[in-house]
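> Got a predicted structure plus its sequence, pasted below:
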Amino acid sequence: MNIVVGITGGIAAYKAPEVVRLLRRAGHAVRCAATDHALQFVTRVTLETVSGAPLYNDLFASGGTEHISLREWADIVVVAPATANCIAKLASGIADDALSTLLVATEPHHVLLAPAMNSGMWRHPATERNVAILRSWGVSVVGPESGALACGTDGIGRMADPAAIVSAIDGIGCGVLSSQRWLVTAGPTYEKIDSVRFIGNYSSGKMGFALAEALAEAGADVDLVTGPTSLAIPSLPRIHRVDVESAREMLAAVEAVWGECHGAILSAAVADYRPAEQADHKIKKQGDEGLTLQLVQNPDILATLGRSKREGQTLVGFALETDNEEANATAKLRKKNLDFIVLNSLRDAGAGFGVDTNKVTILGAKGGRWESGLMTKREVAQTIVRVIMKAEV
Ligand SMILES: Cc1cc2nc3c(=O)[nH]c(=O)nc-3n(C[C@H](O)[C@H](O)[C@H](O)COP(=O)(O)O)c2cc1C
């Protein structure tokens, strides 16, 4: 790929040459574009040497059209680090120097920002609003991370590691899913026992919400059908959220849109069973007696979609296995007519229900196998979307 690395005036600019070095080592052609303030932190000589190309810094040099020729040359513009100022300017369409003019000339799906700043600047309502606006337009954002900051405090604001930035470049789809509609299910289901009690599970919905975001960032319109969760809707206008409670409600919501979708990723933890009878009043305690609940099977949503899958549709399921994990997941993939199955690990600390991180193995119907390391659920979601988009199933 042809990649422009934009550098703005933050202390993390000293890591930009490493981003450039890793990109070139991975076989990409790189041009650097730096703001005047960035050149207070890292020199022109360093950037030109590591990229092997002249720096773009002067809007009026080379006849003043380099922002257009660079935009046409670049498959992606990565800004690392991206200052609060650069983010604010892009969210407002301000183009008052070489890099900001290039950014405004570039389609949002082709831009990746790696913000780096003091925690207060990152949490400022203006920055939060600006990042949300940029995401809603399709700009991708990697990091920032928490840790020691240059200002001497600990907190969120550190630029993502150069290696994570390079992985994020592979992860963004540059709008390849635009004009596609995808379905995602998330969260648990609640199966009613009586008017105040239910059978549920510990699923938080975080993985499904991250998948919806990753698909929307790749340009797709997403129907996010979610069981009960405290999560706020991702701030992307292309995500349409439908709230449901039980497995049967989830099936109805899913069947209503599946025929129109290019694909579906079903990550919800759907209850296999529900009480055979659901009392419409609170069941009273009966003396010292126990209570026996009769359970009946719920519909299998994944298998239902697998049976009605048409040519060209992609169906992705999740599996949570404790024994013979890959063999059982492969059997499920075949039985339910899936294209991919994502095997969740419960053995690794930091993976599975409730936590912010996950580790998965993705198995494809044609024998493909991909492993994510232990990553944030957002990074795992980007990995899954990348595999689905690029893999020969
Ligand atoms: C020593 C120093 C470190 C700075 N670090 C950051 C930073 O990490 N992130 C940030 O958003 N701004 C940082 N700033 C402020 C920016 O340099 C300032 O907002 C500048 O206008 C950004 O210009 P640019 O976005 O055109 O490069 C820093 C300023 C100084 C003097």
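Nice, I can see it. Residues are numbered from 1 along each chain as shown.
> Mind splitting this protein into its structural domains?
As recorded under automatic domain parsing, the domains making up the chain are 2-171, 181-390.
> Including mean neighbour count and mean pLDDT, could those go into TSV?
Any C-beta I mention is one placed from the backbone N, CA and C, and that applies to glycine too. Rendered in TSV, the data for the domains of the chain read as follows (neighbours: other CB atoms under 10 Å; pLDDT from 0 to 100):
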stretch	mean neighbour count	mean pLDDT
domain 2-171	19	92
domain 181-390	18	90
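> For the ligand, find the nearest of these.
Taking CB to the nearest ligand atom, domain 2-171 is the member of the domains of the chain nearest to the ligand, at 2.9 Å.
> ok, which stretches of the stretch 51-200 of the chain are helices?
Secondary structure of the stretch 51-200 of the chain (DSSP state H, counting those that start in this stretch): helices located at 66-73, 84-92, 98-105, 119-123, 125-137, 162-171.
> can you tell me if the second one touches the ligand.
Yes: using CB under 6 Å from any ligand atom, helix 84-92 reaches the ligand at 84, 85, 86.
> Show me which of the residues you listed is closest to residue 69.
Here the nearest of those to residue 69, counting by CB to CB, is residue 86; it sits at 21.3 Å.
> Leaving out sequence neighbours, find the closest residue to residue 102.
residue 67 (4.4 Å; CB to CB, 6 or more residues apart in numbering).
> same question, residue 188
Counting by CB to CB, 6+ apart, the residue nearest residue 188 is residue 203, at 4.1 Å.
> So what sits opposite residue 113 in the bridge?
Beta-bridge partners for residue 113, by DSSP bridges, are residue 79, residue 141.
> Next, the contact list for it, please.
Contact analysis of residue 113 by CB atoms under 8 Å, 6 or more residues apart in numbering lists 78, 79, 80, 82, 86, 87, 90, 134, 139, 140, 141, 142.
> now, which of those residues sits nearest residue 282?
Nearest member of the contacts of residue 113 to residue 282, counting by CB to CB, is residue 141, at 46.7 Å.
> Hmm, that closest one is touching residue 116, no?
No: between residue 141 and residue 116 there is no contact under CB atoms under 8 Å: 11.6 Å.
> Give me the distance between the residue nearest to residue 102 and residue 105.
Look at residue 67 and residue 105: by CB to CB, to the nearest Å, they are 5 Å apart.
> In TSV, list the helices of the stretch 51-200 of the chain along with distance to residue 27.
Below are the helices of the stretch 51-200 of the chain laid out as TSV (distance: least, CB to CB, whole Å):
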stretch	distance to residue 27
helix 66-73	16
helix 84-92	27
helix 98-105	23
helix 119-123	33
helix 125-137	28
helix 162-171	11
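> OK, contacts around the closest residue to residue 121 other than its chain neighbours?
Computed as CB to CB, 6+ apart, the closest residue to residue 121 that is not its neighbour in sequence is residue 84, at 4.5 Å. Contact partners of residue 84, counting by CB under 8 Å, 6+ apart, are 115, 117, 121, 122, 124, 126, 127.
> Could I get the contacting residues of residue 221?
Counting by CB under 8 Å, 6+ apart, residue 221 touches 180, 181, 182, 238, 240.
> quick one, phi/psi of it?
Note on residue 221: backbone dihedrals following degrees, to the nearest 10 are phi -90, psi 130.
> Show me what whichever strand or helix holds residue 50 is packed against.
Per DSSP states H and E, residue 50 falls inside helix 44-51. In this structure, helix 44-51 makes packing contacts with helix 16-25, strand 29-34, judged by 3 or more CB pairs under 8 Å, 6 or more residues apart in numbering; DSSP states H and E.
> From the centre of this protein, give me the residue that's furthest out.
residue 287 (51.6 Å; CA atoms, centre = their mean).
> need the residues of the stretch 101-250 of the chain near the ligand, please.
By CB under 6 Å from any ligand atom, the residues of the stretch 101-250 of the chain that approach the ligand are 116, 117, 121.
> The first one contacts residue 83, correct?
Looking back up the chat, that one is residue 116. Yes: with contact defined as CB under 8 Å, residue 116 and residue 83 form a contacting pair (7.5 Å).
> Return every residue with contacts to both of those two.
residue 10.
> Please, which helix or strand holds the residue most central in space within the chain?
Most central in the chain under CA atoms, centre = their mean is residue 214, positioned 3.3 Å from the mean C-alpha point. Using DSSP H and E, the element containing residue 214 is helix 206-217.
> what's that helix in contact with?
Contacts for helix 206-217 (CB under 8 Å, 6+ apart): 135, 138, 140, 171-173, 177, 182, 184-187, 222, 224, 226, 229, 231, 234, 236, 238-239, 265, 267-268, 318, 354, 356, 358, 376-378, 380-382, 384-385.
> Next, the angle from it to helix 125-137.
Interaxial angle, helix 206-217 versus helix 125-137 (axes from the mean of the first three to the mean of the last three CA atoms, to 10 degrees): 70 degrees.
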